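>>> Here's a sequence, model it:
(one chain, ligands or ions: 1)
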Amino acid sequence: MKFLFVLMITMAISACSHSDMYRTNFLKQTEPAKHSVRVTWMGTAGLYVSDGETGIYIDPFVSRYGLLKVGAGFSLKPQHPLIDEWITLTGGQNAAAILVSHSHYDHVLDAPWFAEKTGATIVGSQSTANVALGAGIPNNRIKTIRDRDTVNIGNFEITFIQSVHSPALFGKIPWPGKIEQPLTPPAPASAYREGGAYALFVKHPKGTFLHYGSPGVKPGIFEGMTADVVFLSIGGRKDTGSLIDHVITPLHPATVIPIHFDDLFGPVSKEVTPLIGVNLNEFWTTMAASKSSFIVNTLPVGEERVLFH
Ligand SMILES: [Zn+2]
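Down below sits the predicted model:
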């Protein structure tokens, strides 16, 4: 299996330009069993996961703005038609929860509106709670978590594990600190402070996965844990080797799925354009050279795939 994987990667690298590599989609679409766990990638770190009974969004973000607007402090606001479109596309009309890994705008800006439109509870840090409050989500649909808190949503058991944000902006964490007051958009990206970064460890009777919303590295946090699948954000990472050492190797996943490598400054689209500077070549070659036994699958944007049968 490892040899085959290396061969496939080698072929992919030699056959494709960097921008083509994300299209090497190894995860096959199969007919969902009635109670299989399914996932739809929404671009960036956004996922919709459903077991047919319970649906959860993680970091759903579709209201994208160009780099110039974000960098210049343009006031950002959620784009409601797009949010409606994505709720329909993912089938998440009755989602039970919106989980947020950290409160940068590209993870939390739309989260309260996914909650508002679906009736879901929003779960995240105190900073995320302030974004929800500023959007008018009632207190009884906001759950604030701390390190190692566990919440149960249907058959999903989610543990929030405090990690660290990656030094994504010239070696520093962008917009650090907390959101101290309820925040109502429109607001500039800089108003959306990080608020603590959490890895989401999700257990379901069918399988276990980790959502790693920002590729910072905090050694030792996954001791004693294993995951079948790791959704690994790779945009803004320092390097891939440290992620293998401190995220992948400890968790022993069978499958690693890279996320958050698409261009978050362009429209969310099935035609994925990699984020400038994301260095997919380094990612693929380092993963292929790893001694750990896992395969790397990529997901298409906006198409449901079976995660666990
Ligand atoms: Zn971030």
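>>> For whichever residue of the stretch 51-200 of the chain sits closest to the ion, grab phi and psi.
Using Cβ to the ion, His104 is the residue of the stretch 51-200 of the chain that sits closest to the ion, at 3.5 Å. Bear in mind the C-beta positions are built from the backbone N, C-alpha and C, glycine included. Note on His104: its backbone torsions stand at phi -70, psi 150 [degrees, to the nearest 10].
>>> Pull the contacting residues for whichever residue of the stretch 151-300 of the chain sits closest to the ion.
Here the stretch 151-300 of the chain gets closest to the ion at one residue, Ser214, 4.9 Å apart by Cβ to the ion. The contact partners of Ser214, by Cβ atoms under 8 Å, 6 or more residues apart in numbering, come to Ala45, Ser101, His102, Ser163, Val164, His165, Ser166, Ala168, Ala197, Ser233, Gly236, His260.
>>> Run a quick neighbour tally on the fourth one.
So that's Ser163. Applying the criterion other Cβ atoms under 10 Å, we find 25 residues in the vicinity of Ser163.
>>> Likewise for Lys238?
Counted with other Cβ under 10 Å, the neighbours of Lys238 add up to 14.
>>> Next: Val131.
In terms of burial, Val131 registers 30 neighbours under the definition other Cβ under 10 Å.
>>> Give me the pLDDT value at it.
The predicted local confidence for Val131 comes out at a pLDDT of 98.
>>> ok so, going back, so the residue of the stretch 51-200 of the chain closest to the ion makes contact with Trp175?
Yes: counting by Cβ atoms under 8 Å, His104 touches Trp175, with 6.3 Å between them.
>>> so which helix or strand takes in Tyr57?
If you go by DSSP states H and E, Tyr57 is part of strand 55-58.
>>> same thing with Thr40?
Thr40 belongs to strand 37-41 when elements are defined using DSSP H and E.
>>> The helix or strand following that strand packs against which elements?
Reading on from strand 37-41 to the C-terminus, the next helix or strand found by DSSP H and E is strand 47-50. On a contact count with 3 or more Cβ pairs under 8 Å, 6 or more residues apart in numbering; DSSP states H and E, strand 47-50 meets strand 37-41, strand 55-58.
>>> partners of strand 47-50, with directions?
Sheet pairing here is set by DSSP bridges, and for strand 47-50 it gives strand 37-41 (antiparallel), strand 55-58 (antiparallel).
>>> Deepest-packed of the ones you listed, please.
Among these, judged by mean count of other Cβ atoms under 10 Å, the one packed with the most neighbours on average is strand 55-58 (a mean of 27).
>>> neighbouring contacts of that strand?
Contacts with strand 55-58, where a contact means Cβ under 8 Å, 6+ apart, come from 45-50, 90-92, 94-101, 111, 114, 118, 120, 153, 156, 158, 200, 211, 213.
>>> Would you mind listing what in the chain touches the ion?
With the criterion set to Cβ under 5 Å from the ion, the chain comes near the ion through His104, Ser214.
>>> go again using 8 Å as the cut-off
Taking Cβ under 8 Å from the ion as the measure of proximity, the chain contacts the ion at 102, 104, 106-107, 165-166, 168, 173-175, 194, 197, 213-214, 236.
>>> ok, so of those residues, who is nearest Gly220?
Using Cβ to Cβ, Ala197 is the member of these that sits closest to Gly220, with 15.7 Å.
>>> OK, contacts around that closest one?
Ser101, His102, Gln162, Ser163, Val164, His165, Gly213, Ser214, Gly216.
>>> Please enumerate the helices of the protein.
If DSSP state H is used as the criterion, the helices of the chain fall at 2-15, 18-21, 67-71, 80-90, 105-108, 111-118, 126-134, 240-243, 249-251, 280-289.
>>> picking that back up, just the buried subset of the residues of the chain next to the ion, written out for PyMOL, thanks.
This is the PyMOL syntax for the buried subset of those, where burial follows 16 or more other Cβ atoms under 10 Å:
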select buried, resi 102+104+106+107+165+166+168+173+174+175+194+197+213+214+236
